[in-house]
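A.B. asks: Got a sequence here, can you model it:
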Amino acid sequence: MEVASYNSFSDQAIRLICEDEFLRKEINSTCKTCNGDIIHGQVVILGTSLEEEDFTLLTKEQTEIIKAEIRLVRRK
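C.D. replies: Numbers count the residues shown, from 1 in each chain. Okay, the predicted model is just below:
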């Protein structure tokens, strides 16, 4: 697992943690961010405390940003 790019959402304090070896493991895509990042496998989305550089729970506002800026990928 790894922390994905820091610019996946309009709120820079939101982080995606996802599978880093998805190509080798042939994991299907799960979602796509508004800037075009395609995420594969299971995803954990957390907030960060920029002052403490640590993960935190998402705020209500961050949850709304995620709902607006991420789309699930439909499997065929």
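
A.B. asks: Could you pull out the helices in this protein for me?
C.D. replies: Using DSSP state H, the helices of the chain run over residues 22-25, 60-69.

A.B. asks: Could you say which one of these comes nearest to N7?
C.D. replies: Ranking the helices of the chain by proximity to N7 (Cβ to Cβ) places helix 60-69 first, at 11.4 Å. Every C-beta, even on glycine, is put in place using the N, C-alpha and C of the backbone.

A.B. asks: Tell me which other helices or strands that closest one touches.
C.D. replies: strand 14-18 (3 or more Cβ pairs under 8 Å, 6 or more residues apart in numbering; DSSP states H and E).

A.B. asks: which other residues reach the strand it packs on?
C.D. replies: Residues outside strand 14-18 that contact it (Cβ atoms under 8 Å, 6 or more residues apart in numbering) are 1-6, 8, 33, 37, 39-48, 55, 58, 62, 65-66.

A.B. asks: Of the residues you listed, keep whichever come out buried.
C.D. replies: Burial by neighbour count, 16 or more other Cβ atoms under 10 Å: within the contacts of strand 14-18 this picks out 4, 8, 33, 37, 39-40, 45-48, 58, 62, 65-66.

A.B. asks: Pick the one among these closest to L72.
C.D. replies: Closest to L72, out of all of the buried ones among the contacts of strand 14-18 and judged by Cβ to Cβ, is I39, at 10.0 Å.

A.B. asks: biggest strand in the protein, by residue count?
C.D. replies: In the chain, assigned by DSSP state E, the strand with the most residues is strand 43-49.

A.B. asks: just to revisit the earlier point, quick one: which of the helices of the chain is nearest Q12?
C.D. replies: helix 60-69 (10.8 Å).

A.B. asks: any weak-confidence spans in this protein?
C.D. replies: 1, 5-6, 22-24, 75-76 (pLDDT under 70).

A.B. asks: With that, I have no additional questions.
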